[in-house]
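[1] Based on what follows, work out the 3D shape:
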Amino acid sequence: MIYLIGVWHNVQFWNESDYRYKQRDINNFSLHLKNMVRKYDVIMIGEEFNKEAMEKNNATHCTTQDVATNLGIMHKWCDPDSRERQNCRGDLMRFREEYWFKQISDLADKAIIFICGSNHLESFRKVIETAGFKTKILSRDWGSDLERKKALNIED
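    Numbers count the residues shown, from 1 in each chain. Here you go, the predicted structure:
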């Protein structure tokens, strides 16, 4: 079973300078993720994210990687980097979603959580189910309030 969690990407990473805006959201998301891992006996967390995105956002921490490490389970960044995206010959969103599935397909018959943008939940679900695997959407829109907090200089 592949459990899906939809996010606004800003909840997936942080650094010391933006943590003051994100602290409550990061902590709540981390707790939710830990609870879902335990509840469903998850062995891996995969996500729509990669090292290049970490660097682009000056991130020093990856929320899901931190949770996976803390729980002693596998973590995998699954989003293609800019070099890999050059192989796309059509619809980039479809290319990326199929790429994500390829990254997790060897464990698709196990309990895993995949984190992606909320706008991908339904279309990525179809990719997975078309390949013959079951899915369940656990939650949507984590981090949706963070941009407003930052713009208004609201600290947690």
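[2] From here on, just use CA atoms for contacts and neighbour counts.
    OK.
[3] Can you show me the strands along the protein?
    2-7, 13-14, 44-47, 61-62, 74-77, 112-117, 135-142 (DSSP state E).
[4] The first one pairs with which strands?
    Looking back up the chat, that one is strand 2-7. Counting by DSSP bridges, the strands paired with strand 2-7 are strand 112-117 (parallel), strand 135-142 (parallel).
[5] Also the third one?
    Partner strands for strand 44-47, per DSSP bridges, with pairing direction: strand 74-77 (parallel), strand 112-117 (parallel).
[6] Go through this protein and flag its longest helix.
    Identified as the longest helix of the chain according to DSSP state H is helix 19-40.
[7] Extract the CA atoms of it and return them as CSV.
    What follows is helix 19-40, C-alpha atoms only, in CSV (Å, rounded to 0.1, in the frame of the first residue of the first chain):
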residue,chain,number,x,y,z
TYR,A,19,12.5,28.1,11.1
ARG,A,20,10.9,30.8,13.2
TYR,A,21,8.1,31.0,10.6
LYS,A,22,7.9,27.3,10.2
GLN,A,23,8.4,25.8,13.6
ARG,A,24,4.8,25.0,14.5
ASP,A,25,4.0,23.7,11.0
ILE,A,26,7.2,21.6,10.8
ASN,A,27,6.6,20.2,14.3
ASN,A,28,3.0,19.3,13.6
PHE,A,29,3.8,17.8,10.2
SER,A,30,6.6,15.8,11.7
LEU,A,31,4.3,14.5,14.4
HIS,A,32,1.7,13.6,11.9
LEU,A,33,4.2,11.8,9.8
LYS,A,34,5.6,9.8,12.8
ASN,A,35,2.1,8.8,13.8
MET,A,36,1.3,7.6,10.2
VAL,A,37,4.5,5.6,10.0
ARG,A,38,3.8,3.9,13.3
LYS,A,39,0.1,3.4,12.5
TYR,A,40,0.7,1.8,9.1
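[8] residues touching Ile43, list them.
    By CA atoms under 8 Å, 6 or more residues apart in numbering, the contact list for Ile43 reads Val37, Ile73, Met74, Lys110, Ala111, Ile112.
[9] how much space between it and Phe114?
    11 Å (CA to CA, to the nearest Å).
[10] Understood, closing this out.
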